[in-house]
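>>> here's my sequence, what's the structure:
(chains A, B, C and D)
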Protein chains: 4
Amino acid sequence: MNQFIKDYLVVAQNASGRNMNVPLYRFIGSQPGPKVYIQSSIHGAEVQGNVVIYHLVQWFKTLPIRGEIILVPNCNPVGTNIKAGEYTLGRFDPVNGTNWNRGYFFDAQFVHQFAQQLNEGDSIAQIKQQFRQQIKQQIQQKLEQEWGLGLAQRLNLKLQQLAFDADYVIDLHNGPVSTRHVYVPEYARASALKFNIPHVILIPNVFSGALDEATFCPWWTLSELLSARRQEPVDFAVEAFTLEMGSQEVINFSEGEYDAKSILTYLSAKGCLLQETIEPQAMRRIAVTLNNYKIYYTQQGGIVEYLAKPGEYIKKGELLARILNVDKLEDDRATTNILAPCDLVAILHFPSASVLSGTQLYKCFTNFFELEALDVS
Amino acid sequence: MNQFIKDYLVVAQNASGRNMNVPLYRFIGSQPGPKVYIQSSIHGAEVQGNVVIYHLVQWFKTLPIRGEIILVPNCNPVGTNIKAGEYTLGRFDPVNGTNWNRGYFFDAQFVHQFAQQLNEGDSIAQIKQQFRQQIKQQIQQKLEQEWGLGLAQRLNLKLQQLAFDADYVIDLHNGPVSTRHVYVPEYARASALKFNIPHVILIPNVFSGALDEATFCPWWTLSELLSARRQEPVDFAVEAFTLEMGSQEVINFSEGEYDAKSILTYLSAKGCLLQETIEPQAMRRIAVTLNNYKIYYTQQGGIVEYLAKPGEYIKKGELLARILNVDKLEDDRATTNILAPCDLVAILHFPSASVLSGTQLYKCFTNFFELEALDVS
Amino acid sequence: MNQFIKDYLVVAQNASGRNMNVPLYRFIGSQPGPKVYIQSSIHGAEVQGNVVIYHLVQWFKTLPIRGEIILVPNCNPVGTNIKAGEYTLGRFDPVNGTNWNRGYFFDAQFVHQFAQQLNEGDSIAQIKQQFRQQIKQQIQQKLEQEWGLGLAQRLNLKLQQLAFDADYVIDLHNGPVSTRHVYVPEYARASALKFNIPHVILIPNVFSGALDEATFCPWWTLSELLSARRQEPVDFAVEAFTLEMGSQEVINFSEGEYDAKSILTYLSAKGCLLQETIEPQAMRRIAVTLNNYKIYYTQQGGIVEYLAKPGEYIKKGELLARILNVDKLEDDRATTNILAPCDLVAILHFPSASVLSGTQLYKCFTNFFELEALDVS
Amino acid sequence: MNQFIKDYLVVAQNASGRNMNVPLYRFIGSQPGPKVYIQSSIHGAEVQGNVVIYHLVQWFKTLPIRGEIILVPNCNPVGTNIKAGEYTLGRFDPVNGTNWNRGYFFDAQFVHQFAQQLNEGDSIAQIKQQFRQQIKQQIQQKLEQEWGLGLAQRLNLKLQQLAFDADYVIDLHNGPVSTRHVYVPEYARASALKFNIPHVILIPNVFSGALDEATFCPWWTLSELLSARRQEPVDFAVEAFTLEMGSQEVINFSEGEYDAKSILTYLSAKGCLLQETIEPQAMRRIAVTLNNYKIYYTQQGGIVEYLAKPGEYIKKGELLARILNVDKLEDDRATTNILAPCDLVAILHFPSASVLSGTQLYKCFTNFFELEALDVS
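A predicted model of the protein is given here:
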């Protein structure tokens, strides 16, 4: 049976002088195997991932695993508890606007230096161990610097120290009002078929601060450098994903069970389960490259009915939304139709009907395609 | 045809030194008749009423009315535009927490004084005119006092000066996540049958600051005093309602058309339409007295799945909600079931899954009954 | 020497499923004597009281007391930790706008019932004990009611259960930008001379939800009823005060020492110190009745320079403030002078230069007078 | 005399469907000369710049200028009006945390392309005109893109279209609790002596989204490219500064007059005044390079007394601040001293006493030096 360890990680201290920590649920299999790190709710209002982890915890009580799985629900004790009106102000630090998911560490230059000092004969396992150790040292130095560190960055680095040991990292998020979708690094597109998630965003080796990037950018960069030098593909078998499990501000236990099962199928494919093999669902998976995942900003303020539902396919020129201008109810400026600029799939929309101009009304797949086994082999 | 006048009412000034006003849409019929005042969105996130008024404006362009109808959409230019995260912080002044719907004027003592100085022979029409004039004078004095007035109260009084002229006042609101319901003063319960709204709260002659109360409490009080003195029922034919048009933060044009039609049936019953007669729908209407409209506060913090849907009938002991405690996922404290303390109809629930202890989880009808033509005659 | 007990009181639970508690510092003297209850920061941004309590804790380590003193710094763990931008949103629950200092319990009717069932021969001590027990039972029933209780009210009642045992209750607050002042119930005006606080507001036996009122209103009411019945003054020797220790959002250790000493002089006068006698400072104390403590609301929006400093005496017609209208810089509407409507002492002003119309610009003493030993005898 | 034109620039639309604009005060001299652009309050709580512009407007009514001066007070109508509690939430868009001063446009690659296509014989004046025209075209294209633009970026670009025509651009800000300081591009350090501002931060040719950078980075880059090619210094005589006029959330008319005069001395030095010559004050000016302008983050949460005052020189190991931990009042963890990590000048500190760990407690000059005429020649 799996060994279970409950632990806590201190990540901050509040104005009352109390430590703020996050719970760690750690399962260790009886046989060696990959390390898995799964966290949820780094954005405080995106809570469905906690239900997903709830189901995983229940299952791992009896389902034997290989290796080790760390589950970190509710990983942002600050963001989870900031209410602004009835909702949760969970995307950014209310003091300074810093997005809670942009302060992880990546230093491309360091990866280059690291690659240069490697010996020809170093095995993949040796390299992985060294690389992990050195990256974690770098993070530790940042955490200890004399002039201190911002709240969001410290939280991120504390979590990254745990996550960087893992081979498979999954960061559970939600969109505002959203259908399920997943961010997948280009090199791991085959793995997109292992999740039961119908919408896939393929992202390049570019770092903008998030946990998935902070996990795969170093390995991806190192892999490219070594592959070039050794003239053969070097694969570290490290993958990282951001899964968007529907809409923020709601939880649903039965949908959470579906999502948890979808993660199990991925872990099963990666050899994390000792006995069982769970196959992904046969389903249509629509993919898009990151540059074709587009934001529609409204150019007007007003009150919006969102007509295109998340997951819906909309043809160029069809209605996305309708904006009411309460100041012009007497004439034909009362309502404005927002039309799709091109064929698209609406993935998510803004969660409030009241918008100023310049609001992200929709995020959409454009120039999308079906992801098939063939594409990814 | 109706005469149409568009106007603006200045209600505040912002930090940029700009006046903030609300639009007034005024329709005057070719024949005399009652005065109607309808406003929406005094709570900034409760926006569906604007769509209702949109439809009413379209109809009154061609539908001949008697008397006068004033429509004031988006009547709180401050509350509508305060975003806190992606949502609208619309229920209270963000500076001091003052509920935008608690600063209207009512002075019971003044009504008593007014009643005393009336002459036996004064007609209802004379009394109504005098009473309106004197109440509006009182409001004007408050607006002009040397030491000034708070923002929310000034906004309320400016609107009340318009509303107090009306015979029928309708204040359009939304609940958080809510089914449609209406607040009706006990004396006007017959009118509850004129709206197409399935849930009715019957309220007593008690003032707690809202527009509907500020409208009916003076007339109700005066009516009781005069009825007692004259030994016969004195009816001023003034009514006021708060209509809750579903959930906040969303609009829906087709539901708005339904709601607007429901208001038309009421106005039709009151003789505000010149030609047409529109009958209310035959439907089951569940009613409750205000003291039986109960709030369920959670005693735990955590993440909530709301299982009882707005409008749903729940028996004592059945599940209302389920709370996840992310700190205790490993044992049976992981989830807690919230059970109905008695038979109830869930009317609305909190709009966020993340709650601290002491959050209004649900508002419920208890000891409810069916409202029938017979009850109200 | 005093006995010291550190304890914690659970008052809420957050969305992470964690209990939120407040620290209790309890000192018990070697000899019997009065009970004292002092709390600070029920409004989260009003933090100077914590420094005052810090100094009191240091002193009571070595300064022998009679009776018992409970110190509850930072008594609102929710309000203390809600940042909105760089400041603390500490006056009200961010979910619903409820002021954290308006949910304490007082039921005048219950006091009347209690008075009626007393026996002629009951001693003051017996009455005090019974009254405390019954009021605390009432509070306990409220805390246990099946449908639950709002967050702010539960916090208040939990604190009140401790405070109602005390003979002397002091609630430490701050104004926005403020000079030191104290709220004193009329019957205890002699005690105003025991604090080193230059501005005194004398308040009547009216309950509006705050801790000081919730403490003295029951005793005051009971005292009046019994005095009338027994035809002689009945004094329960219970007093309660709200002390406003300067401005919110700042602390100052040396001013805190001054304030702590001021509280010691009061406690000394009440017999709480075993050996030492500390005399209040000779100083001018200006007093006002509550109805003469007036709020000046600006009727314009704009950007304000506060010219009258807290504590300053301003003659009728002199400048209080000057408002800049950035929209009219080119003509004489650029600035507006706000003049004192009458002779006044400016006690506090709004803490931000940017104001909408209807903002509480100043709170002022009008018709004030000097409080002298003679007045209060 | 100068010609005066008052104008308005629409920059957004609110949820009420109303256009939001900023006032433009434009003075045109009777003789040609440089163009000057001065704006204030892009961060809504930083309001002292509005007073500075108020004084400038008064003076330019009678003080003859050369060229043209555009003054844009209160240039962010959204940020100015968002209250969160009593303060102004003015640094970032409350919807998404976007800093209002990070969305200006700069494209280094475009500058390189532009430089390459220039002819050897093009005069400075010709180049300036072409460059301005093309950069403004780029901005225009961004403003018109089919999928729209975020609120903060649109606001920034609308302002930049005006500012990019200017030779001298001044962006007026405030720190939280702050002494006066100015950001100066390295190449314009001589100009630092023209302002009466005692603290100077010298910044490199690096773009991070602010208006000053968006103004000087293109010209600086172009100047370097052309200087290299032409083998002689090419100077476009364009300068841009961010002036920090003390603390946010307060205004002071007489300090504003001082600041306005300081700007006049700069403009005088640049030939913008027709008759008068105003000399800068003889004063000590302390300078630092940007990498030596350091942030001290607290590693603890608690309540802070800020002991080092803005502008104060603190030796290594001396006290900066003292943190109170209300949870440990009984022992020596009650207070923690924060010591200066090295010799420094405290420039600004956090404006609230209540801090979580990871808060920017202080920003400090380290390795600073005196700026003298000699250094900058």
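
>>> okay, strands next: where are they in the stretch 201-350 of chain A?
Listed in chain order, the strands found in the stretch 201-350 of chain A under DSSP state E, counting those that start in this stretch are A:239-247, A:286-289, A:293-297, A:302-306, A:313-314, A:319-324, A:335-339, A:344-349.

>>> one more: the stretch 51-200 of chain A?
Under the criterion DSSP E, counting those that start in this stretch, the stretch 51-200 of chain A contains strands at A:66-72, A:83-84, A:87-88, A:168-175, A:177-178, A:181-185, A:199-203.

>>> among those, which comes closest to B:Y54?
Between B:Y54 and the strands of the stretch 51-200 of chain A, the shortest separation by CB to CB is 22.6 Å, and it involves strand A:177-178. The way it works is simple: take the backbone N, C-alpha and C, and place the C-beta from them, glycine included.

>>> so what touches the closest one?
Residues from elsewhere that reach strand A:177-178, judged by CB atoms under 8 Å, 6 or more residues apart in numbering or on different chains: A:244, A:246-248, A:306, A:310, A:347-351.

>>> by neighbours, which of the residues you listed wins?
Neighbour tally across these (other CB atoms under 10 Å in any protein chain shown): the maximum, 29 neighbours, falls on A:Q248.

>>> same question for stretch A:218-231: list its buried residues.
Neighbour counts over stretch A:218-231 (16 or more other CB atoms under 10 Å in any protein chain shown) mark A:218-226 as buried.

>>> filter those down to the ones in helices?
Within the buried residues of stretch A:218-231, residues falling in helices by DSSP state H are A:218-226.

>>> from A:A237, how far off is A:G121?
Applying CB to CB, to the nearest Å, one obtains 20 Å for the distance of A:G121 from A:A237.

>>> pLDDT weak spots in chain A?
A:374-377 (pLDDT under 70).

>>> residue with max distance from the center of it?
In chain A, the greatest distance from the average C-alpha position (CA atoms, centre = their mean) is reached by A:E330, at 45.9 Å.

>>> please report how far that one lies from D:L162.
Separation of A:E330 from D:L162 (CB to CB): 34 Å.

>>> got the buried residues for stretch A:89-97?
By 16+ other CB under 10 Å, the buried positions in stretch A:89-97 come out as A:89-97.

>>> go on, stretch A:138-152?
Buried residues in stretch A:138-152, counted by 16+ other CB under 10 Å: A:138-139, A:143, A:148-152.

>>> got the CA positions of it in PDB?
Taking Å, rounded to 0.1, in the frame of the first residue of the first chain, the C-alpha atoms of stretch A:138-152 are listed here in PDB:
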ATOM      1  CA  GLN A 138      19.400  29.100  -7.200                       C
ATOM      2  CA  ILE A 139      15.900  29.300  -5.800                       C
ATOM      3  CA  GLN A 140      17.200  28.900  -2.300                       C
ATOM      4  CA  GLN A 141      19.600  31.800  -2.800                       C
ATOM      5  CA  LYS A 142      16.800  34.000  -4.000                       C
ATOM      6  CA  LEU A 143      14.700  33.000  -1.000                       C
ATOM      7  CA  GLU A 144      17.500  34.000   1.300                       C
ATOM      8  CA  GLN A 145      18.600  37.300  -0.200                       C
ATOM      9  CA  GLU A 146      19.300  40.000   2.300                       C
ATOM     10  CA  TRP A 147      16.900  42.600   0.900                       C
ATOM     11  CA  GLY A 148      14.000  40.100   0.900                       C
ATOM     12  CA  LEU A 149      11.500  39.100  -1.700                       C
ATOM     13  CA  GLY A 150       7.900  40.100  -2.700                       C
ATOM     14  CA  LEU A 151       5.000  38.100  -1.300                       C
ATOM     15  CA  ALA A 152       3.900  36.500  -4.500                       C
END
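
>>> I'd like the buried residues of stretch A:218-231 laid out as TSV, including distance to A:N196.
As requested, the buried residues of stretch A:218-231 are exported to TSV (distance: CB to CB, whole Å):
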residue	distance to A:N196
A:P218	29
A:W219	25
A:W220	25
A:T221	30
A:L222	31
A:S223	28
A:E224	30
A:L225	34
A:L226	33
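
>>> get me the contact residues on the stretch 251-377 of chain A for chain D.
Within the stretch 251-377 of chain A, the residues that sit near chain D (CB under 8 Å from any CB of the partner chain) are A:294-303, A:325-328, A:341, A:354-360.

>>> from A:F92, how far off is the residue sitting nearest the centre point of chain A?
When chain A is reduced to its mean C-alpha position, the nearest residue by CA atoms, centre = their mean turns out to be A:T242, at 2.0 Å. Spatial separation of A:T242 from A:F92 under the definition CB to CB is 17 Å.

>>> can you report how many residues lie near A:L319?
The local packing of A:L319 (other CB under 10 Å) involves 13 other residues.

>>> ok so, going back, let me know the closest of the contacts of strand A:177-178 to chain D.
A:F350 (8.8 Å; CB to the nearest CB).

>>> need the contact list for the closest residue in space to A:C342 that isn't next to it in sequence.
Nearest residue to A:C342 in three dimensions, chain neighbours excluded: A:K316, at 4.9 Å (CB to CB, 6 or more residues apart in numbering or on different chains). Under the criterion of CB under 8 Å, 6+ apart, the contact partners of A:K316 comprise A:339-344.

>>> ditto for A:N252
By CB under 8 Å, 6+ apart, the residues touching A:N252 are A:48, A:51, A:246, B:305.

>>> one more time with 6 Å
With contacts defined as CB atoms under 6 Å, 6 or more residues apart in numbering or on different chains, the neighbours of A:N252 are B:E305.

>>> and for A:N292, the neighbour number?
17.

>>> same question, A:N337
Close neighbours of A:N337, defined as other CB under 10 Å, add up to 11.

>>> so it bridges to which residues?
Each beta-bridge partner of A:N337 is listed here: A:R322, as defined by DSSP bridges.

>>> name the nearest residue to whichever residue of the stretch 1-150 of chain A sits closest to chain B, sequence neighbours excluded.
With CB to the nearest CB as the measure, A:A84 is the residue of the stretch 1-150 of chain A nearest to chain B, at 3.6 Å. In space, A:A84 comes closest to B:A84 once its chain neighbours are excluded; the distance is 3.6 Å by CB to CB, 6+ apart.

>>> ok, the one you found - how many residues close by?
Considering only other CB under 10 Å, B:A84 is surrounded by 24 other residues.

>>> ok, A:D259 next?
Under the neighbour criterion other CB under 10 Å, A:D259 is assigned a count of 25.

>>> surely it and A:M245 touch.
Yes: counting by CB atoms under 6 Å, A:D259 does reach A:M245; the two are 5.1 Å apart.

>>> can you tell me the SS state at the residue nearest to A:I347 when sequence neighbours are not counted?
With CB to CB, 6+ apart as the criterion, A:I347 has its nearest non-adjacent residue at 5.1 Å, and that residue is A:K363. Three-state assignment for A:K363 (DSSP: H, G, I helix; E, B strand; the rest coil): strand.
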